[in-house]
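with the input below, show me the fold.
(one chain, ligands or ions: 1)
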Amino acid sequence: MRIDRYIAQSRVIDLKSTDFESAVSELIEVCDVSKERGLTKKGLVADLLDRERQMTTYLGHGVCLPHARVNMKRPYMVAVGRCPNGLAYDGHSEYQDIRYIFLLLASQNARSYLYSLASLARVFQDKGHMERLHAAEKLSDFRKELKQVFAGEESQPRRRHNRFNNLILREAAKIAKGAQCTSVLVFADTFGGGVEVGKVFKGFKTVLIAHGTSEAATEREEIDAVIPIRSYSNHRFSQLRSAVLIGLTRGIFSSQDRLCCIGGLPQSNQFDSITVVDIEREFDTMLASKSDMLPATVKPEVIERVLAIATELAVEGREGHPVGCLFALGNAEQISQYTKPLILNPFYGYKDEDRNILNPFMDETVKELSSIDGAFIIRGDGVLISAGSLIHTPDYTHELHSGLGSRHAAAASITQAIDCLCIVVSGSSGQVTLFRRGKMLPLIEKALIRNS
Ligand SMILES: Nc1ncnc2c1ncn2[C@@H]1O[C@H](COP(=O)(O)OP(=O)(O)OP(=O)(O)O)[C@@H](O)[C@H]1O
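From the prediction side, this is the model:
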């Protein structure tokens with residue numbers, strides 16, 4: 001979703017209210033819902049506040065994101081309010097840290113609502129974006145910055161490539177042709193303000209790998225797709241496998257593809273590496289086809305989300321300590337034949353939408369629960385079925401490297417027993433590993449994470 005298209009100047013305001021309830025009313029006041037049948041401002045305020053009582057929408061970083069699905073014709077409506085002194089709310093001290101309220105109304109028919117919420121949340125987690133918003137003092141400047149932050153690279157000034165970058169890109173095109181590559185992958189984070197690759201790679205499927213918010217780039221004609229990743233490591237291709245995996249699940253690549261990858265250090269403004277990757281060889285025979293890779297019921301965006309959380313856990317740990325974690329994704333009924341609860345299920349009783357891993361508010365909950373023993377069971381559509389589940393598959397053996405213990409063994413055996421996929425974060429090494437059909441595929445090597 002291109003959120004900047006829904007940001008109207010008149011709905012970006014400086015709030016007069018000092019408490020959360022009045023701030024929500026003030027924002028709803030600037031939303032024009034008069035043409036939407038059955039919608040009243042009073043009803044909307046009541047809905048949003050009711051939701052807030054059930055689950056906070058404070059995202060951290062000074063941003064609150066109240067949201068609701070409503071019956072309206074347009075897909076989305078957005079209102080943004082600034083409140084430099086925070087807001088009072090029912091004794092919750094964290095609301096005093098709120099600097100911006102970002103109110104999102106989405107039509108019941110809006111596709112990928114949770115996915116849109118997640119990408120919105122990612123924008124606010126980007127330090128650079130937040131600094132730009134904080135720096136804008138005048139409301140008019142803030143409105144401009146807000147538009148630009150959400151428009152992504154498209155509206156940022158184009159940066160000039162130096163001669164060396166052009167040389168690397170041209171040579172990469174020659175290598176791609178000579179090696180009969182089908183696609184070209186460019187690590188766009190090498191460039192702070194986006195990358196001009198289009199014309200050099202004519203005739204190839206051109207895919208950007210970018211961290212965060214480069215959705216706008218997909219709308220450029222010459223870019224066929226953008227694969228989002230969470231970029232942490234200071235190594236060139238550290239997240240290549242994760243990106244290729246996402247590309248495979250989304251159907252951007254097939255296992256027969258050969259890729260020419262061009263990268264450099266993140267934000268260095270300098271390409272310095274070209275690598276040719278045969279997907280089949282890199283991923284072993286595990287992924288002979290898309291269906292081999294992706295369990296029947298699992299949506300690609302759910303794997304992307306779990307991978308993102310797993311990567312963050314591997315890199316950041318929890319309160320300064322490393323944590324390990326096991327996510328099992330697939331048909332929940334099948335998985336439950338091989339699991340037993342170790343604790344009372346913390347997700348029991350919540351609405352599906354509120355316990356869906358695609359919901360950005362679940363990030364913190366999942367990370368918090370990662371420290372308990374056992375696995376997360378996740379349904380293919382992203383709904384978190386349980387945490388703290390013991391996987392027990394006595395009839396399935398596995399051949400794992402020595403040094404890998406029972407968490408990895410559990411992932412190896414359940415992925416043999418049924419059509420599911422596991423992602424494991426090792427508590428001892430920080431390595432992120434995918435398990436499918438009993439085989440393991442290290443996605444982010446421990447050395448790369450710990451050294452970065
Ligand atoms: N069968 C299982 N089902 C679910 N979780 C498990 C299972 N076995 C172990 N775990 C979880 O993994 C944790 C670590 O176990 P262990 O050290 O044996 O595994 P490991 O594969 O070496 O993982 P790590 O690299 O994280 O240490 C356990 O404390 C438990 O929370």
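
what's the nearest residue to the residue of the stretch 251-400 of the chain found nearest the ligand if we skip its chain neighbours?
Distances between the stretch 251-400 of the chain and the ligand by Cβ to the nearest ligand atom are smallest at G324, namely 3.0 Å. In short, each C-beta sits where N, CA and C put it, glycine included. Leaving aside its chain neighbours, G324 sits nearest to G427 (2.6 Å; criterion: Cβ to Cβ, 6 or more residues apart in numbering).

and V366, by the same measure?
Per Cβ to Cβ, 6+ apart, closest to V366 is I309, 5.7 Å.

list the contacts of Q54.
D354 (Cβ atoms under 8 Å, 6 or more residues apart in numbering).

typed the wrong thing, it's E399
E399 touches nothing, counting by Cβ under 8 Å, 6+ apart.

count of neighbours near the residue nearest to G324?
For G427, the neighbour count with other Cβ atoms under 10 Å is 18.

just the one 5 residues further on next, same as before
If you count neighbours by other Cβ under 10 Å, V432 ends up with 26.

ok so, going back, how about the residue nearest to G324, secondary structure?
Three-state call for G427 (DSSP: H, G, I helix; E, B strand; the rest coil): coil.

would you check that it makes contact with L326?
No - contact criterion Cβ atoms under 8 Å: G427 and L326 do not qualify, at 10.1 Å.

follow-up on the earlier one: where does the residue nearest to V366 fall, secondary structure wise?
helix 300-316 (DSSP states H and E).

near the ligand at all, that helix?
No - Helix 300-316 is not in contact with the ligand by Cβ under 6 Å from any ligand atom; minimum separation 10.3 Å.

circling back: what pLDDT is listed against the residue of the stretch 251-400 of the chain closest to the ligand?
pLDDT, G324: 93.

any idea how far the closest residue to P322 other than its chain neighbours is from R281?
Take P322 and drop its neighbours on the chain: the residue closest to it by Cβ to Cβ, 6+ apart is G427, 5.6 Å away. Relative to R281, G427 is positioned 30 Å away (Cβ to Cβ, to the nearest Å).

for V123, pull up the helix or strand it's in.
Here V123 sits within helix 113-125, counting by DSSP H and E.

let me know the next secondary structure element after that helix.
Using DSSP H and E, the next helix or strand after helix 113-125 towards the C-terminus is helix 127-135.

mind pulling up the pLDDT for D381?
pLDDT, D381: 94.

of all of the stretch 301-450 of the chain, which residue lies closest to the ligand?
G405 (2.5 Å).

before we move on, back to that, what angle do the helix holding V123 and helix 127-135 make?
Counting by axes from the mean of the first three to the mean of the last three Cα atoms, to 10 degrees, helix 113-125 lies at 70 degrees to helix 127-135.

which other residues reach helix 113-125?
Under Cβ under 8 Å, 6+ apart, the answer for helix 113-125 is 1, 3, 59, 61, 63, 65, 67, 69, 76, 102, 104, 106, 110, 129-130, 149-150, 212-213, 215, 228, 301, 305, 353, 356, 358-360, 363, 382.

and these, which are buried?
Of the members of the contacts of helix 113-125, the ones counted as buried by neighbours, 16 or more other Cβ atoms under 10 Å, are 1, 3, 59, 61, 63, 65, 67, 76, 102, 104, 106, 110, 129-130, 149-150, 212-213, 215, 228, 301, 305, 356, 358-360, 363, 382.
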